[in-house]
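**Student:** Pasting the sequence and the predicted coordinates here, then a few questions.
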Amino acid sequence: MSAVPAEIAGIGSTQQKLRVSPGFDPLKAAVGPQEYFVLSRIDGLQTLRDVLLTTGLPVERAISIVQRLRAIGALLIPGETAAPIAAPSPAAPPVEPRRSPAPALSSRSSSPIPLIRPAAAPAAAASLPRRTNQPAAPDSEAEPEHDLTLPGATATELAALREDIPLDDRSRRLILAMARLADGRDPWALLGVPAGSEPRQLKRAYFKLSKEIHPDRYYGQRLGSFTDRLPSVFEATSRAYARLTNPDRRGNTPEIDKSEQPQTPQEYAAELFERACQLEIGGDHLDAMKLFAAAVRVDPQPRFLRRAASCALAAGQPRSAVEYAKKAHSLAPGDPSSARLLAAAFRAAGKLSDAEEVLVMAMALKSENDVLTAELRNDLAEVRRLLAQS
């Protein structure tokens with residue numbers, strides 16, 4: 001999927017929240033099916049960037065549609081009361097989509113959260129490396145080192161090593177070794193680097209460990225007692241890295257570039273969301289759902305939840321769709337689009353009475369999007385028809 005540009009010719013910033021021009025008639029304007037679908041996503045609440053990402057169309061195609069809608073007077077940018085109408089440009093040549101967008105809902109796709117790779121069990125505990133305090137060369141590519149022999153292992157640690165879970169022996173020993181250092185008294189040891197290591201080596205060690213012990217790496221797996229250990233060890237590692245790379249906390253250590261700082265939870269959630277969108281657009285709905293689930297667990301904002309609900313519908317998992325849509329609607333109760341999505345989830349789950357109730361309330365909400373209002377009315381009529389037949 002191509003990246004969404006910061007600006008679009010003839011429209012401006014993609015961070016703007018566009019509106020549908022009051023009184024615009026899609027029928028008179030001979031708007032095509034894909035154009036109508038994109039038009040129905042524009043509600044004055046989402047940024048243009050979010051609209052482009054949720055259409056399910058290739059970004060270039062979605063942009064050309066938005067430009068044509070703008071050219072025929074369908075869209076208003078913030079501050080406008082009437083759109084300047086340019087000479088209608090010929091409709092963009094049809095592009096065969098990789099899949100049809102779901103009925104009146106957003107697209108889907110995702111990429112799988114990395115699974116653990118089985119590692120060969122160590123020959124013997126005594127042969128595993130111990131962390132040393134010998135300073136590494138500035139450009140050393142040495143791996144973070146921890147004492148995986150677990151000297152004086154407690155009964156709890158020994159029991160953890162014997163658990164029947166899909167976690168290899170080395171990974172268990174690494175997590176247990178780091179858990180011993182999670183109190184933060186020795187941040188260098190927790191990161192597995194010699195005391196006084198340079199920022200570059202700290203960064204390398206932190207990101208290497210982050211990939212190994214991030215809880216989302218094992219999303220959906222039953223890890224026994226390690227289910228609780230992983231988050232606490234990961235958070236302790238992030239605190240140790242922040243402490244050692246923050247000049248206010250670490251005396252004379254020079255500040256490193258902002259690009260070398262660990263991701264915030266919000267940044268990480270946004271990265272997961274973008275990857276999920278790419279998978280969804282590619283038609284890989286089940287893997288997309290894994291990443292959407294991880295994103296909303298970290299940062300449950302409405303647009304993440306709406307996209308996760310739409311993906312769940314496309315994946316044929318209405319129960320998950322209902323849960324996501326409920327949360328999105330509770331965070332934005334005045335958004336008719338969220339209400340319509342919730343109604344669609346209820347309908348897919350066979351809860352027609354609940355869908356009717358949500359649609360009736362959505363019809364009472366104020367909306368400047370005549371297309372969306374018409375769709376709500378049609379949805380309500382269809383739900384009532386199905387109720388009458390049941």
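**Tutor:** Everything's here; your move. Numbering: from 1, shown residues only.

**Student:** you'd agree residue 188 is up against residue 243?
**Tutor:** No: judged on C-beta atoms under 8 Å, residue 188 makes no contact with residue 243 at a distance of 10.2 Å. (Each C-beta comes from the backbone N, C-alpha and C, glycine too.)

**Student:** Got the domain ranges for the chain?
**Tutor:** Listed by automatic domain parsing, the domain ranges of the chain are 7-76, 128-260, 265-389.

**Student:** picking up where we left off before, more neighbours: residue 188 and residue 243, which one.
**Tutor:** residue 188 (18 against 14; other C-beta atoms under 10 Å).

**Student:** ok, the nearest residue to the more buried one once chain neighbours are set aside - how many residues close by?
**Tutor:** Spatial nearest neighbour of residue 188, excluding adjacent residues (C-beta to C-beta, 6 or more residues apart in numbering): residue 195 at 4.6 Å. Using other C-beta under 10 Å, residue 195 is surrounded by 11 other residues.

**Student:** what are the phi and psi values for residue 195?
**Tutor:** Residue 195 adopts backbone torsions of phi -60, psi 140, taken as degrees, to the nearest 10.

**Student:** what separates it from residue 233, distance-wise?
**Tutor:** From residue 195 across to residue 233, the span is 20 Å (C-beta to C-beta, to the nearest Å).

**Student:** Tell me where the chain is predicted with low confidence.
**Tutor:** 1-2, 83-142, 216, 219-220, 247-263, 367-368 (pLDDT under 70).

**Student:** And the strands in it?
**Tutor:** 7-8, 12-13, 19-20, 75-76 (DSSP state E).

**Student:** With respect to residue 360, which of these lies nearest?
**Tutor:** Nearest of these to residue 360, taken as C-beta to C-beta: strand 19-20 at 22.6 Å.

**Student:** That closest one pairs with which strands?
**Tutor:** Strand 19-20 sits in its sheet next to strand 75-76 (antiparallel), going by DSSP bridges.

**Student:** Look up how far residue 24 lies from residue 36.
**Tutor:** From residue 36 to residue 24 the distance is 11 Å (C-beta to C-beta).

**Student:** again with residue 38
**Tutor:** 13 Å.

**Student:** again with residue 152
**Tutor:** 74 Å.

**Student:** out of these two, which sits in the more crowded spot?
**Tutor:** residue 24 (20 against 7).

**Student:** Would you map the helices across the stretch 1-150 of the chain?
**Tutor:** Along the stretch 1-150 of the chain, the segments classed as helices by DSSP state H, counting those that start in this stretch run 33-41, 48-54, 59-71.

**Student:** In CSV: the ones you listed, plus distance to residue 160 and mean neighbour count.
**Tutor:** Compiled in CSV, those are given as follows (distance: least, C-beta to C-beta, whole Å; neighbours: other C-beta atoms under 10 Å):
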stretch, distance to residue 160, mean neighbour count
helix 33-41, 49, 21
helix 48-54, 42, 23
helix 59-71, 46, 21
